[in-house]
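sharing a sequence plus its predicted fold:
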Amino acid sequence: MSGIQKLISLILSDEKLQNSRSFSSQVYQDEPILHTAAQMKNYLPPEIRAMKKLAQSYDAYHHSDEWLFYEQGKMMETYEDDFPKAVNFNRYYPTYRSMNNDQLRTYFTWRTKVRRGTVEKIDISYVFVYLYEMLNQIGVPSPEEGFTMLREFWVIYRELDAQIDSYMPAWLRDYVVYYGLDYALLEDSDDLKFDNILLTLLQPDNHSTHEIFSALAAFSTYHMERSRFYQQYPEDMKQVVCRVFSALSAYYEKYRKKSFCESLFGKKATCTYYMFRSAVFYLQDKQDREYVINPIHRYRCKNGIWTCEKYYGSCGKHKELGAILKTVDSMMRKAYDFRYPMKPATEKKYLLNLIQKEVDQFLAEKKAKTAPKFEMDISKLRDIRREAAITRDKLIVDTESEEPECFPEPTPEPVLSPETLPEQNKSTAGLDAIEVEFLQCLLWEKPYDALLREHGVMLSVLVDSINEKLFDQFADTVILFEGDVPELIEDYADELKGMITP
């Protein structure tokens with residue numbers, strides 16, 4: 001029981017008061033005789049009255065909305081409330097000024113619970129006001145602690161409402177830059193991962209073959225790790241992919257206006273940057289300064305204007321790079337006479353010639369390394385000649401040499417011609433008619449929903465059965481089913497077509 005409730009109980013229990021005319025014999029229910037201030041219908045705490053008065057002051061009309069939000073927030077920095085009801089609030093760029101009395105009390109009551117460790121779902125506009133407060137260092141002991149508070153709140157509240165996911169990564173990055181914190185705090189951020197991968201491709205001489213290959217694979221739409229050829233010859237594939245990347249970089253440098261990396265990721269440029277975009281933020285610190293994240297990503301503030309220098313191209317995966325890696329895979333399979341061939345993913349002649357040249361050169365160097373080496377010591381030639389002369393003299397005799405023994409000619413083994421080879425029977429590896437028809441649908445990209453309904457078969461059960469029956473033949477899963485749509489592994493498509501061609 002709170003202090004005010006104890007005081008009310010003490011007053012009501014007084015015998016003199018109970019025997020006075022203030023109490024009648026009438027019985028009242030569900031209506032307290034005395035009310036707390038919070039229970040009064042028109043009651044408004046003096047702190048909220050003061051902050052609303054500030055919004056109507058002369059200063060408020062001569063400053064920005066961001067300034068007013070910051071000043072009101074500082075006034076209410078330690079305020080707590082216990083409003084008994086929750087009022088809805090939905091507004092773009094929400095501020096204290098855009099809330100009515102009940103909404104203000106709803107917000108401060110919710111914030112009180114959050115600060116005490118109880119995070120409840122509420123209208124997203126209230127949540128953004130709380131985030132704006134922390135961005136502006138309202139209710140935050142220090143920038144370092146504020147970063148921790150922001151990240152921990154995000155981790156908790158995103159489970160209740162994922163809308164904040166669209167804003168928090170950028171706001172956390174801006175928070176680190178604006179307040180000059182260690183960028184290692186964002187070591188798991190997508191921006192930092194992108195920069196590190198791009199730096200590897202921009203400075204290949206400073207990185208290993210494995211690092212360059214991993215960077216290319218990270219930006220490629222072709223999933224090299226799924227390739228059966230790569231799984232069997234990973235080191236050879238890495239070497240050739242890196243050779244192709246180096247050759248392409250040289251080709252673009254000689255014949256194109258842009259470098260190969262610029263064609264994929266754009267050019268590095270400096271643009272005006274708005275700190276905490278989409279947030280209500282009062283930009284107080286306007287001192288000239290620079291924040292360097294790495295050689296290709298930095299921020300500058302001059303005369304209160306922020307700029308950002310970085311690569312502004314696409315940060316995602318690239319189809320062009322995927323086509324290159326897939327074509328390398330195709331040509332490597334052909335050169336190795338691999339069991340599962342694959343068609344090239346590009347028809348550009350210059351690219352096909354460039355890749356073929358690197359594949360041939362790699363195989364020639366590999367063959368040269370594995371060929372046996374013969375070394376001759378020239379200084380020993382004199383001894384060899386002398387020993388050979390002695391051996392020759394011993395072999396010369398006066399008598400006629402005996403007739404050499406005759407040995408029968410070896411009989412060559414019969415060679416089977418293609419006509420005499422036994423014909424290989426086609427096999428469906430024990431697949432039943434439904435499974436064969438389903439595979440035909442996947443191979444020729446036909447709908448299979450009607451087939452499943454007609455036979456009353458579950459898709460997952462059918463896929464598992466096919467994979468199990470074909471495992472002995474392929475030693476691998478032929479159909480991936482990680483989501484809602486089954487995906488046939490391309491490596492096995494041609495062989496499957498040969499098995500079940502209608």
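The structure has been received and is ready for your questions. Residues are numbered from 1 along each chain as shown.

could you give the separation of stretch 191-205 from the chain centroid?
15 Å (C-alpha atoms, centre = their mean, to the nearest Å).

now do stretch 244-256
28 Å.

next, the buried residues of that stretch.
Within stretch 244-256, the residues scored as buried using 16 or more other C-beta atoms under 10 Å are V244, F245, A247, L248, S249, Y252. From N, CA and C alone the C-beta is placed, and that goes for glycine too.

out of those, which one sits closest to T477?
V244 (29.1 Å; C-beta to C-beta).

for the closest one, what are phi and psi?
When read as degrees, to the nearest 10, the backbone of V244 gives phi -60, psi -40.

what's the separation between it and L351?
In this view, V244 and L351 are 9 Å apart by C-beta to C-beta, to the nearest Å.

common neighbours of the two, please.
Residues touching both V244 and L351 (C-beta atoms under 8 Å, 6 or more residues apart in numbering): I324.

returning to what we had before: closest to V127 among the buried residues of stretch 244-256?
Distances from V127 to these, taken by C-beta to C-beta, are shortest for F245, at 45.3 Å.

pick out the residue closest to the middle of the protein.
In the chain, the C-alpha nearest the mean C-alpha coordinate belongs to D190, at 6.8 Å (C-alpha atoms, centre = their mean).

quick check: closest non-adjacent residue to that one.
Spatial nearest neighbour of D190, excluding adjacent residues (C-beta to C-beta, 6 or more residues apart in numbering): P169 at 6.8 Å.

what are the phi and psi values at that neighbour?
Per degrees, to the nearest 10, the backbone of P169 is at phi -60, psi -50.

contacts only, for it.
S189, D190, D191.

tell me the contacts of the last one?
Each residue near D191 by C-beta under 8 Å, 6+ apart is listed here: P169, R173, H297.

and the pLDDT for it?
What the model reports as pLDDT for D191 is 85.

repeat for N136
Reported pLDDT for N136: 97.

D393 now?
So D393 comes in at 68 (pLDDT).

likewise for G430?
Reported pLDDT at G430 in the predicted model: 82.

likewise for S249?
Value for S249, per-residue pLDDT: 95.

check contacts around the nearest residue to Y178 once chain neighbours are set aside.
Closest residue to Y178 apart from its sequence neighbours, by C-beta to C-beta, 6+ apart: M275 at 5.5 Å. Applying C-beta under 8 Å, 6+ apart to M275 gives the contacts D174, V177, Y178, F281, L283, W306.

mind checking the SS state of the fourth one?
Secondary structure of F281, reduced to three states by DSSP: H, G, I helix; E, B strand; the rest coil: coil.

what is the burial count for it?
Look at F281: counted by other C-beta atoms under 10 Å, it has 19 neighbours.

what's near enough to touch it?
Residues counted as contacts of F281 (C-beta under 8 Å, 6+ apart) are E66, Y132, L135, N136, M275.

just send these back as a markdown table, with secondary structure too.
Below are the contacts of F281 laid out as a markdown table (three-state DSSP):
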| residue | secondary structure |
| --- | --- |
| E66 | helix |
| Y132 | helix |
| L135 | helix |
| N136 | coil |
| M275 | coil |
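
let me have those in a markdown table, extended by distance to K343.
Formatted as a markdown table, these follow (distance: C-beta to C-beta, whole Å):
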| residue | distance to K343 |
| --- | --- |
| E66 | 58 |
| Y132 | 54 |
| L135 | 52 |
| N136 | 57 |
| M275 | 50 |
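
what is the nearest of those to F260?
M275 (33.6 Å).

need the per-residue pLDDT for the closest one.
95.

again with the one 10 residues further on
On the pLDDT scale, D285 is placed at 88.
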